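K.L.:
Prediction below, plus the sequence it came from.
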Amino acid sequence: MNFQLQHVDNLSNARAGLIQTDHGAIETPIFMPVGTQGTVKAVHFSELANDIKAEIILGNTYHLYLRPGIEILEQAGGLHKFNGWNKPILTDSGGFQVFSLSENRKLTENGAEFRSHIDGSKHFFTPEKAIDIQRSIGADIIMAFDECTPGNADYNYAKKSLELTERWLDRCVRRFNETDGKYGYRQTLFPIVQGCVYPDLRRKAAENVASKNADGNAIGGLAVGEPTEKMYEMIETVNEILPKDKPRYLMGVGTPANLLEAIERGVDMFDCIMPTRNGRNGQLFTKEGIMNMRNKKWENDFSLLEENGAASVDNFHSKAYLRHLFMTNEILALQIASIHNLAFYIRLVKEARKHIMEGDFTLWKSSVIRQIQNKI
């Protein structure tokens with residue numbers, strides 16, 4: 001993987017760059033739709049590529065390991081061949097999913113024992129196994145195995161957790177370096193900065209991650225219960241240390257406003273389930289603000305979902321029609337809302353990139369950020 005830093009904003013740390021992978025180029029800042037189980041829920045890949053204009057999607061090691069299973073993925077020739085997506089893919093190592101199974105998992109020095117959320121069967125992930133599974137999945141960018149601490153963890157727990165994550169990272173790097181990709185193209189490994197909401201732990205973690213000289217680096221363990229301002233503080237702390245010539249990936253974040261604030265602080269890559277999950281529950285993100293499509297106020301509003309919207313569905317359907325679909329539990333409602341929200345997120349980061357390149361990002365951001373948070 002190669003990263004070219006193309007421009008930095010004059011008044012902030014916002015950056016525009018270009019990532020080159022063997023499956024194509026990615027312009028940053030970039031938002032990655034979440035395709036947890038090899039698919040972005042309710043969205044066809046033709047819509048992802050042509051309507052939403054996604055450049056990269058995310059898959060999840062934990063879920064793909066359980067279903068369809070590594071044997072099937074290897075027989076298919078990797079996830080790209082299995083699902084037909086011929087652009088870049090990133091895989092999360094499964095650390096966050098294991099963290100979320102707090103009642104059904106046990107951490108040891110060697111790894112994480114957990115029970116499947118599907119059938120209760122017992123499994124064990126080591127750092128080495130997480131790398132091996134991601135080699136079999138075949139994503140272009142793969143993640144180190146870590147423990148994601150909750151945002152309200154006390155200092156001692158966060159410190160011990162970080163120390164374990166750092167030992168696991170050494171094992172991930174060693175395993176990655178002693179193995180090769182299975183499908184004839186290159187993969188790259190991103191370490192993850194943890195440390196909860198404690199600046200000294202975050203600095204220590206960032207220095208350790210920077211010392212690995214990886215092709216890119218991730219910031220994890222945020223948007224997991226800590227105050228929003230703490231999240232922004234930790235991003236600033238970490239980005240003072242992470243290499244400026246490598247892409248920075250903020251994992252699992254967040255709202256449209258979160259993205260703009262993080263871009264201003266020097267983040268390049270994002271993923272989050274919010275646009276699709278919230279869309280399936282009737283919430284639409286627009287440049288005018290946030291709409292709940294189940295509200296009665298849209299019942300006889302025949303205007304388009306969004307004038308000059310980012311997706312073609314915006315030009316076909318009215319607010320009244322989409323509300324009708326939600327109120328009658330039509331599957332099409334989930335599809336339209338998911339496409340709209342993903343297209344909005346990707347348009348937002350593309351507009352941010354445009355204004356970074358033109359040198360007026362800070363002015364543009366201040367003019368839109370309050371509007372996109374309005375509830376209308």
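P.N.:
Looks like it arrived, so ask away. On a predicted model such as this, the values are computed, not experimentally measured, just so you know.

K.L.:
And stretch 351-369, what's buried?
P.N.:
Neighbour-count burial for stretch 351-369 flags 351-353, 355-356, 361-362, 364-365, 368 (criterion: 16 or more other Cβ atoms under 10 Å). Backbone N, C-alpha and C define where each C-beta goes, glycine included.

K.L.:
An error on my part: the question was meant for stretch 16-23.
P.N.:
Judged by neighbour count (16+ other Cβ under 10 Å), stretch 16-23 contains these buried residues: 16-17, 19, 21, 23.

K.L.:
what are the ranges of the strands in the stretch 151-300 of the chain?
P.N.:
188-190, 192-193, 217-219, 248-250, 269-271, 283-286, 289-292 (DSSP state E, counting those that start in this stretch).

K.L.:
Oh, that last question was meant for the stretch 1-150 of the chain, not what I typed.
P.N.:
With DSSP E, counting those that start in this stretch, the ranges of strands along the stretch 1-150 of the chain come out as 2-8, 15-21, 24-28, 30-32, 57-60, 89-92, 105-107, 112-115, 122-125, 141-143.

K.L.:
about what we covered before: now the strands of the stretch 151-300 of the chain as CSV including distance to R135?
P.N.:
Below are the strands of the stretch 151-300 of the chain laid out as CSV (distance: least, Cβ to Cβ, whole Å):
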stretch, distance to R135
strand 188-190, 10
strand 192-193, 18
strand 217-219, 18
strand 248-250, 20
strand 269-271, 21
strand 283-286, 36
strand 289-292, 40
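
K.L.:
Same list (those) but as a markdown table, adding mean pLDDT, mean neighbour count and distance to T179.
P.N.:
Listed next are these as a markdown table, based on pLDDT from 0 to 100; neighbours: other Cβ atoms under 10 Å; distance: least, Cβ to Cβ, whole Å:
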| stretch | mean pLDDT | mean neighbour count | distance to T179 |
| --- | --- | --- | --- |
| strand 188-190 | 98 | 22 | 10 |
| strand 192-193 | 98 | 31 | 19 |
| strand 217-219 | 98 | 27 | 20 |
| strand 248-250 | 98 | 27 | 22 |
| strand 269-271 | 98 | 24 | 24 |
| strand 283-286 | 98 | 22 | 40 |
| strand 289-292 | 98 | 18 | 45 |
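
K.L.:
Pass me the low-pLDDT residue ranges in this protein, would you?
P.N.:
By pLDDT under 70, the chain contains no weakly predicted segment.

K.L.:
longest helix of it?
P.N.:
If you go by DSSP state H, the chain has its longest helix at helix 331-358.

K.L.:
can you give me the angle the next helix or strand after that one makes with strand 2-8?
P.N.:
Using DSSP states H and E, the helix or strand that follows helix 331-358 towards the C-terminus is helix 361-373. Using axes from the mean of the first three to the mean of the last three Cα atoms, to 10 degrees, the inter-axis angle of helix 361-373 relative to strand 2-8 is 100 degrees.

K.L.:
which residue sits closest to the most centrally placed residue in the chain, ignoring its sequence neighbours?
P.N.:
Residue closest to the average C-alpha location in the chain (Cα atoms, centre = their mean): D271, at 1.8 Å. Closest residue to D271 apart from its sequence neighbours, by Cβ to Cβ, 6 or more residues apart in numbering: M32 at 4.2 Å.

K.L.:
How much space separates L90 from K53?
P.N.:
Remark: distance between L90 and K53 (Cβ to Cβ, to the nearest Å) = 17 Å.

K.L.:
next one: R203
P.N.:
Using Cβ to Cβ, we find R203 at a distance of 37 Å from K53.

K.L.:
So what does the nearest residue to L201 once chain neighbours are set aside have for phi and psi?
P.N.:
Nearest residue to L201, sequence neighbours excluded (Cβ to Cβ, 6+ apart): G195, at 3.4 Å. In terms of degrees, to the nearest 10, the main-chain angles of G195 are phi 120, psi 10.

K.L.:
Tell me how far G195 lies from E128.
P.N.:
Taken as Cβ to Cβ, the span from G195 to E128 is 23 Å.

K.L.:
more crowded one of these two?
P.N.:
Shown here are G195 and E128; by other Cβ atoms under 10 Å, G195 has more neighbours (28 against 19).

K.L.:
got the contact list for that one?
P.N.:
Contacts for G195 (Cβ atoms under 8 Å, 6 or more residues apart in numbering) come out as 158, 162, 201-205, 221, 234.

K.L.:
R248 pairs with what?
P.N.:
R248 forms beta bridges with N217, as assigned by DSSP bridges.
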